[in-house]
Each structure stands twice: as C-alpha cells, then as structure tokens.
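Undergrad: The following block contains a protein sequence and its predicted model.
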Amino acid sequence: MNFYIIRLSFNKLKQKELFVKEYHGTKMELVERLLQENSQYIPETKKGHVNFHFGNFRFEKSNHEERLYFATLGKYKISEIKRYNQQEKEHYKEKTTSSPWIVFLIDRNEQVFIIQKDTAVFPKYDSLFNSIKEHLNSLLHEYDLSVSLAPITFPNDFWKHVDEYDFIYTVNFELFMPNLFGDTNKSAEEILSDVHDRHNADKLSAEIENSEGALKLSRDDEGINNWLDWIGKGGGKWFMWCKKGTSRNKNKIVSTKEAQAFSTTTDIEPLENERNLHKSVTSTIKELKKYYFTQNTSVQAKGKIK
C-alpha cells in the first residue's frame with residue numbers, strides 16, 4: 001500500500017476570539033475528537049476542494065485513555081447506471097450514490113496523518129489536503145487555534161526540478177513556526193522562534209527572484225538546505241516559477257502537489273477482524289515512521305518511494 005504522510009503544525013489565531021472554548025489534553029487529542037464529532041465536510045466552493053467524510057473509527061487503550069488510531073476516509077460519488085425494465089420492455093438510466101474510501105491513520109505523538117493513496121477515490125490529493133485543512137481550521141477557530149498541513153518530502157524533490165528546468169525565475173520557501181521538531185534543525189528553529197517572538201508570526205516566507213530566469217541555486221547552500229530540511233519534515237512548503245528551453249510558458253511547481261507517497265509491505269487487514277486490523281496498522285506505522293520521526297528526518301531516510 002502507498003501512503004502520504006502529512007504533518008500538522010498548530011498556532012494561535014492572529015486575532016484573538018472574544019469567547020474562547022477550553023479543551024483538555026493535547027491539540028492532537030482535540031483534533032481527534034473534533035473529527036469524530038464533525039465527520040463530514042462539504043466545501044463551499046468546488047475549486048481546489050473536495051467533499052469527504054470519516055467513518056469506522058477505531059480506538060486503542062493507552063495509559064488508561066482511548067486513542068484514535070484508525071478511520072476510513074471516503075467521498076460521495078454520483079454515477080449513472082443503465083438498467084432494463086423487463087416488464088415494461090424499456091431501458092432507462094438511474095443515478096446512484098456510492099462512497100469509495102481509503103485508509104486514514106493517526107500518529108498522535110508525531111502530529112501526523114497517514115493517508116492512503118488511491119487516485120480512483122481522490123484523484124487530486126492536494127485538493128484533499130486543502131479540504132482537511134479548511135475543515136479543521138473552521139473547527140479549531142473557537143479554540144483560538146489554527147493549523148497548517150504539509151506533506152513529508154525530501155530535498156531531492158526540490159533539486160530534481162532545479163536540474164530539470166533551464167530558467168528559474170522565482171523560488172519561495174514558506175516555513176511554519178516550530179512546535180514539535182525539537183533539536184532536529186536548530187539553526188532554522190532559532191530563526192523561526194526569533195521571528196515568532198518579535199513579530200507574533202505563525203509562518204515565515206523567503207523568496208528569491210531573477211526576472212531573467214537566471215537564479216543560481218547551489219546544492220551546497222547551507223541556508224537553502226536548512227529550509228528544505230525543515231520543509232521536508234512537514235514544516236512548510238516551497239514553490240518555484242520555471243521554464244524549459246524555448247517554451248513561452250512558465251510552470252509553477254508546488255511541493256504539496258509534488259508530494260511523494262511512501263510504500264509499505266504491510267496491507268491493512270479487513271475491518272471485520274479487529275485484532276488483525278490493529279496489528280496491521282501498528283506494522284504500517286512502524287514501517288513509515290522512519291520517514292517522519294522528528295529525531296531522524298534531518299538525515300534522508302532510505303526506502304521505496306511511489
């Protein structure tokens with residue numbers, strides 16, 4: 001199976017609410033509860049978003065508390081079926097609504113969602129990520145919180161495009177403020193923490209530009225590597241405007257759209273078998289953890305990427 005790994009980064013709202021709801025436990029525990037209580041999302045605008053709904057919530061007992069470890073994530077799909085009425089001797093069309101679904105896992109300690117890749121269900125995963133983010137932010141608003149979502153990536157995803165294009169006009173790095181990563185990238189964390197303390201910022205954008213498309217980007221640039229390392233842990237995103245050869249059209253490459261899905265050798269067991277389901281979920285998370293564990297992600301993990 002193939003999975004996207006999405007990191008959640010939390011921040012206080014820039015404009016404080018007059019009445020703020022209190023919550024007990026961690027922010028991830030709050031997210032788990034809110035998703036259970038508000039399991040459906042229908043976007044106000046279809047562009048860049050997609051409807052979804054959660055189901056089949058499964059819990060495990062940990063330190064005398066229940067922890068959500070598994071759910072299914074589906075969407076409504078309307079299709080047309082051609083039928084035949086033998087008595088009336090007529091063919092006709094009938095609309096039917098189905099709900100294909102994928103696997104959705106949570107690693108609470110690492111503030112991570114693990115989402116199965118299946119383009120037959122969700123063809124555009126960046127739209128799904130945007131929709132989950134919008135849904136969560138609407139729910140977290142009354143708790144004076146906001147959340148950013150970013151997929152786990154590798155620096156090579158960035159450098160691959162640098163090598164591929166002849167002209168690079170703009171590169172932008174957007175870094176989310178630290179609330180999880182510990183000492184994994186101290187230089188980036190110190191800069192972001194200083195910016196947050198001085199300006200109450202929840203993200204930092206760094207943009208470099210050359211109007212002729214002649215940006216010089218070196219793999220040895222310590223600053224860029226620090227930013228890519230931070231973004232690679234799910235701490236932000238990057239985009240670039242670039243062009244090939246004699247083409248007149250510029251391309252915008254965005255890290256969230258270029259997200260890689262990581263493969264596992266473990267298949268999630270059928271829902272009917274609770275014991276095997278829990279065992280297969282535990283094995284899947286264990287396999288994937290090397291890609292997002294915050295103490296090791298500064299060194300690129302080796303493994304299959306799909």
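TA: Thanks, I have the structure now.
Undergrad: Straight-line length of stretch 245-257, end to end?
TA: 23 Å (CA to CA, to the nearest Å).
Undergrad: what sits up against it?
TA: With contacts defined as CB atoms under 8 Å, 6 or more residues apart in numbering, stretch 245-257 is touched by 126, 129, 150-151, 153, 157-158, 161, 165-166, 169, 231, 237-244. To be clear about C-beta, it is placed using only N, CA and C from the backbone, and glycine gets the same treatment.
Undergrad: Among those, the buried ones, what's the PyMOL command?
TA: Selecting only the buried entries of the contacts of stretch 245-257 in PyMOL, with 16 or more other CB atoms under 10 Å as the criterion:
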select buried, resi 126+129+150+151+153+157+158+161+165+169+231+237+238+239+240+241+242+243
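Undergrad: With only the CA atoms kept, save the helix or strand encompassing residue 174 in PDB.
TA: If you go by DSSP states H and E, residue 174 is part of strand 167-176. Extracted as PDB, the C-alpha positions of strand 167-176 are listed here (Å, rounded to 0.1, in the frame of the first residue of the first chain):
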ATOM      1  CA  PHE A 167      15.100  29.000 -16.500                       C
ATOM      2  CA  ILE A 168      14.200  29.600 -12.800                       C
ATOM      3  CA  TYR A 169      12.500  32.900 -12.100                       C
ATOM      4  CA  THR A 170      11.200  32.700  -8.600                       C
ATOM      5  CA  VAL A 171      11.700  30.300  -5.600                       C
ATOM      6  CA  ASN A 172       9.600  30.800  -2.400                       C
ATOM      7  CA  PHE A 173      10.100  28.900   0.800                       C
ATOM      8  CA  GLU A 174       7.300  29.100   3.400                       C
ATOM      9  CA  LEU A 175       8.200  27.800   6.800                       C
ATOM     10  CA  PHE A 176       5.700  27.100   9.600                       C
END
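Undergrad: list the buried ones in that strand?
TA: 167, 168, 169, 170, 171, 173, 174, 175, 176.
Undergrad: The first one - nearest residue in space that isn't next to it in sequence?
TA: In this structure, residue 167 finds its nearest non-sequential neighbour in residue 213, 3.0 Å apart by CB to CB, 6 or more residues apart in numbering.
Undergrad: Done for today, thanks.
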